[in-house]
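Enquirer: here are the coordinates; sequence isn't available:
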């Protein structure tokens, strides 16, 4: 039983990456479709077909083209304790993400950012820079950290800034971010610069 649950969750995680949607979004669409018969998940149509031996059968189509049909246990659809981030943080999923992100990209749009993406380049405007907090690092040092909100024409996302980066950007600046990675915290996307990522100001705020 547990093995079957593990297999279907791994499959759903793989499917979500391949289709460019969040695993949590896909799962919730299945729950809604089970109740209402069908629903949409971005550009996918998720349909509940029927149940056989306590398993719900779903059909997913895109522009009338069949993507996949699969079965999920009814018990899995009732669960409230699924940690979606854990299912995305596997070697198989990371390999799939890397395959889909091979080749240089000049700039990525916020709406296209997905958990696990690496070497992300993006241009965006700084919307908000909250007052930084002081935290203790694992090395015993203190550091300043804040999550700035940045946005382009397609959406917004948090950008994690540390120490001197905190004072480097100002609300209204247009910034260029290179070699960032996309992570999640409490189900919310974040851009992290890490050791190789950089942020530079392309255009300062116009007062």
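Expert: Yep, that arrived. Being a predicted model, the structure only gives us computed values, none of them experimental. Residues are numbered from 1 along each chain as shown.
Enquirer: ok, residue 23 touching residue 86?
Expert: No. Counting by C-beta atoms under 8 Å, residue 23 does not reach residue 86; the two are 10.1 Å apart. For glycine as for every other residue, the C-beta is placed from the backbone atoms N, C-alpha and C.
Enquirer: so which strand or helix has the residue nearest to residue 66 when sequence neighbours are not counted?
Expert: Excluding its sequence neighbours, the residue lying closest to residue 66 (C-beta to C-beta, 6 or more residues apart in numbering) is residue 59, at 6.9 Å. Using DSSP states H and E, residue 59 sits in strand 55-62.
Enquirer: remind me what that strand packs against, helices and strands.
Expert: helix 23-36, strand 44-52, strand 65-73, helix 74-78 (3 or more C-beta pairs under 8 Å, 6 or more residues apart in numbering; DSSP states H and E).
Enquirer: compare those and give me the one nearest residue 147.
Expert: Closest to residue 147 of these is helix 23-36 (C-beta to C-beta; 19.9 Å).
Enquirer: residues of that closest one that come out buried?
Expert: The neighbour-count check on helix 23-36 (16 or more other C-beta atoms under 10 Å) flags 23-24, 26-27, 29-34 as buried.
Enquirer: give the buried residues for the longest helix anywhere in the chain.
Expert: Ranked by residue count, the top helix of the chain under DSSP state H comes out as helix 2-19. Neighbour-count burial for helix 2-19, with 16+ other C-beta under 10 Å as criterion, is recorded at 8-9, 12-17, 19.
Enquirer: now for this structure, the helix or strand with the poorest mean pLDDT.
Expert: Each helix and strand of the chain was given a mean pLDDT (mean pLDDT, DSSP states H and E); the minimum falls on helix 91-100 at a mean of 69.
Enquirer: make JSON lines from the helices and strands packed on strand 55-62 and add mean pLDDT to it.
Expert: Listed next are these as JSON lines, based on pLDDT from 0 to 100:
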{"stretch": "helix 23-36", "mean pLDDT": "91"}
{"stretch": "strand 44-52", "mean pLDDT": "93"}
{"stretch": "strand 65-73", "mean pLDDT": "91"}
{"stretch": "helix 74-78", "mean pLDDT": "91"}
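Enquirer: quick one: which of those is nearest residue 195?
Expert: Across the helices and strands packed on strand 55-62, residue 195 has its closest neighbour in helix 23-36 (27.4 Å, C-beta to C-beta).
Enquirer: what is the closest one packed up against?
Expert: Helix 23-36 sits against helix 2-19, strand 38-41, strand 44-52, strand 55-62, helix 74-78, helix 84-88, with contacts defined as 3+ C-beta pairs under 8 Å, 6+ apart.
Enquirer: any idea of the mean pLDDT in the first one?
Expert: When you say that, I think you mean helix 2-19. The pLDDT scores in helix 2-19 average 71.
Enquirer: outside of it, which residues touch it?
Expert: 22-23, 25-27, 42, 44, 60, 62, 67-68, 70-73, 76, 82, 84, 87-88, 90, 92-93, 96-97, 100, 114, 116 (C-beta atoms under 8 Å, 6 or more residues apart in numbering).
Enquirer: can you do 7 Å?
Expert: 22-23, 26-27, 44, 68, 72-73, 76, 87-88, 92-93, 96-97, 100, 114 (C-beta atoms under 7 Å, 6 or more residues apart in numbering).
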